[in-house]
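Colleague: give me the fold of what follows.
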Amino acid sequence: MVSPQRFIKIAEESSLIREIGDWVIEEAFKQLSNWQNKYDGDLRISVNLSPLELYDKNKLKKLLKKIMIIRISNQL
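Modeller: Numbering: from 1, shown residues only. Predicted structure coming up:
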């Protein structure tokens, strides 16, 4: 088994962290949308980003686009 710390280090060193992060965020948004529809629209989640992901100048634009596509409640 690979520890989370080692996994993240490997992902960052191989430059896969951005792709993994995008996938994690999309899956988290989908799950949040499901929960908001099923339970209460005021539910929220948190997703950690790697510092390397923050270098992406388009990250916020990508996040907002995913929110619109997946139809998450806009009460962020």
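
Colleague: find the nearest non-adjacent residue to Arg71, please.
Modeller: Closest residue in space to Arg71, ignoring its immediate chain neighbours: Ser33 at 5.9 Å, by C-beta to C-beta, 6 or more residues apart in numbering. C-betas here are computed from N, CA, C, even on glycine.

Colleague: for Ile69, see how far away the one you found is.
Modeller: From Ser33 across to Ile69, the span is 10 Å (C-beta to C-beta, to the nearest Å).

Colleague: can you tell me how far the residue nearest to Gly21 when sequence neighbours are not counted is from Asn37?
Modeller: Distances taken as C-beta to C-beta, 6+ apart place Glu53 nearest to Gly21, at 4.9 Å, with adjacent residues excluded. Relative to Asn37, Glu53 is positioned 28 Å away (C-beta to C-beta).

Colleague: between the two, who's got more neighbours?
Modeller: More neighbours surround Glu53 than the other of Glu53 and Asn37, with 17 against 12 (other C-beta atoms under 10 Å).

Colleague: surely that one is in contact with Ile17?
Modeller: Yes - using C-beta atoms under 8 Å, Glu53 makes contact with Ile17 at a distance of 6.5 Å.

Colleague: picking that back up, which SSE is the residue nearest to Arg71 in?
Modeller: Taking DSSP states H and E as the criterion, Ser33 maps to helix 17-38.

Colleague: ok, and what's touching that helix?
Modeller: Helix 17-38 is contacted by residues 8, 11, 43-45, 47, 49-50, 52-53, 56, 62-63, 66-67, 70-73 when judged by C-beta atoms under 8 Å, 6 or more residues apart in numbering.

Colleague: buried subset of those as a PyMOL selection?
Modeller: In PyMOL, this line selects whichever of these come out buried by 16 or more other C-beta atoms under 10 Å:
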select buried, resi 8+11+43+53+63+66+67+70+72
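
Colleague: next up, phi/psi of Leu52, please.
Modeller: The phi/psi pair for Leu52 (degrees, to the nearest 10) reads phi -70, psi -30.

Colleague: good, wrapping up.
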